[in-house]
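Engineer: A predicted structure for the sequence below; I have some questions about it.
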Amino acid sequence: MDLLKAILLGIIQGVTEFLPVSSSGHLAIAKKLFGMNDVGTSFDVFLHIGTLVAVFVVYWRDIAKLFVEGFGIVADTCANFVEWVKSKSGNSEAKYRKVIHSSYRKFAMLVIVSTIPTGIIGMMGEKLIDDAATSLLVPGICLIVTAVLLFISDQIEDGDKTPKKTTYANAAFMGVCQGIATLPGLSRSGTTITAGLLCGLKREFAVKYSFIMSIPAILGAAIIKIPDMKEDIASTSALGYVAGAIVSAVVGYICIKTMLVIVRNKKFKYFSYYCVVVGLVAIIGSFVVK
């Protein structure tokens with residue numbers, strides 16, 4: 001893989017990760033159409049890390065607070081466990097701390113709950129996802145499904161749920177949807193934002209939740225792919241990996257800002273039309289391109 005191809009894939013990743021058109025689907029299609037069959041899925045993970053940087057830049061204040069409150073949740077839970085042990089031994093009466101006592105603590109806990117089903121589905125379906133990315137048929141079909149989801153999202157009435165009102169069942173549902181959206185062609189952002197809207201989340205919060213909940217999922221995928229990443233970088237070009245990640249981060253930052261406007265104005269239907277066209281082209285191409 002040369003530098004130009006790496007930059008091209010970085011642009012595709014940056015544009016399609018946050019706009020609801022499926023980055024994995026577009027990467028799979030681009031690799032197939034441009035003869036990039038030598039590009040492994042570990043490079044895709046590297047591109048996702050690039051767009052993850054864009055999320056950190058846009059939401060760094062929220063992420064910093066969530067990080068601190070996440071540690072607070074662990075600390076207070078451990079303290080409560082110690083109190084429980086003391087009370088069982090009869091030494092003293094338990095004085096439990098309230099673990100979830102702020103909006104950011106609730107938000108942190110929601111993200112943790114969402115990550116569990118995403119991780120389980122991702123690990124169980126890893127081979128299926130890798131195999132699906134080698135053809136045009138599966139991304140094409142999934143892009144059609146994405147189009148339907150995007151059309152539905154524009155018809156949903158605005159919700160009023162913020163972290164305080166969002167339930168852990170809502171969080172688990174969004175985590176399941178994120179796990180399923182690892183299939184190439186299913187837009188992760190489109191799927192999870194639509195799931196959030198179906199759960200009654202405010203549109204702006206649904207977008208923020210969607211992007212922030214992707215952080216542990218992408219980091220987890222990167223850790224799993226580290227052995228493959230070392231081998232792939234050695235056989236291709238480390239410069240290509242770095243260039244692709246940088247480009248995807250810069251383009252991704254611009255697209256996050258664009259996405260916030262799109263969701264607010266209910267403009268998903270235009271991306272729905274686009275996904276139908278690209279999906280049909282991919283399906284037709286699956287019978288032509290070998």
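Structural biologist: Received, thanks.
Engineer: Flag the shaky bits of the chain, pLDDT-wise.
Structural biologist: The chain contains residues with pLDDT under 70 at 1, 36-42, 91, 133, 225-237, 289-290.
Engineer: Now do the contacts for residue 8.
Structural biologist: Applying C-beta atoms under 8 Å, 6 or more residues apart in numbering to residue 8 gives the contacts 30, 34. For glycine as for every other residue, the C-beta is placed from the backbone atoms N, C-alpha and C.
Engineer: same deal with residue 150?
Structural biologist: Neighbouring residues of residue 150 by C-beta under 8 Å, 6+ apart: 20, 187, 190, 194, 268-269, 271-272, 275.
Engineer: Buried ones among these?
Structural biologist: 20, 187, 190, 194, 268, 271-272, 275 (16 or more other C-beta atoms under 10 Å).
Engineer: Now, those residues that are in helices?
Structural biologist: Among the buried ones among the contacts of residue 150, DSSP state H puts 190, 194, 268, 271-272, 275 in helices.
Engineer: returning to that earlier point: biggest separation within the buried ones among the contacts of residue 150, which pair?
Structural biologist: Maximum pairwise distance among the buried ones among the contacts of residue 150 (C-beta to C-beta): 12.6 Å, between 194 and 275.
Engineer: now, the most widely separated pair of the contacts of residue 150?
Structural biologist: Checking those with C-beta to C-beta, the most distant pair is 187 and 269, at 13.9 Å.
Engineer: Please, where are all the helices along the protein?
Structural biologist: Shown for the chain, the helices assigned by DSSP H span residues 3-18, 23-33, 41-58, 60-89, 103-124, 126-132, 137-155, 168-180, 188-198, 203-224, 226-235, 238-264, 268-286.
Engineer: got the ones you listed as CSV, with distance to residue 162 columns?
Structural biologist: Below are the helices of the chain laid out as CSV (distance: least, C-beta to C-beta, whole Å):
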stretch, distance to residue 162
helix 3-18, 22
helix 23-33, 28
helix 41-58, 19
helix 60-89, 13
helix 103-124, 7
helix 126-132, 33
helix 137-155, 19
helix 168-180, 12
helix 188-198, 11
helix 203-224, 6
helix 226-235, 36
helix 238-264, 16
helix 268-286, 21
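Engineer: from these, which stretch is densest packed?
Structural biologist: The highest mean neighbour count among the helices of the chain belongs to helix 188-198 (a mean of 26), with neighbours defined as mean count of other C-beta atoms under 10 Å.
Engineer: Show the secondary-structure elements that that helix is packed against.
Structural biologist: In this structure, helix 188-198 makes packing contacts with helix 3-18, helix 137-155, helix 168-180, helix 203-224, judged by 3 or more C-beta pairs under 8 Å, 6 or more residues apart in numbering; DSSP states H and E.
Engineer: how does it look with 6 Å?
Structural biologist: Applying 3 or more C-beta pairs under 6 Å, 6 or more residues apart in numbering; DSSP states H and E, one finds that helix 188-198 contacts helix 137-155, helix 168-180, helix 203-224.
Engineer: Tell me the gap between the shortest one and the middle of its chain.
Structural biologist: Same thing as helix 168-180. 12 Å (C-alpha atoms, centre = their mean, to the nearest Å).
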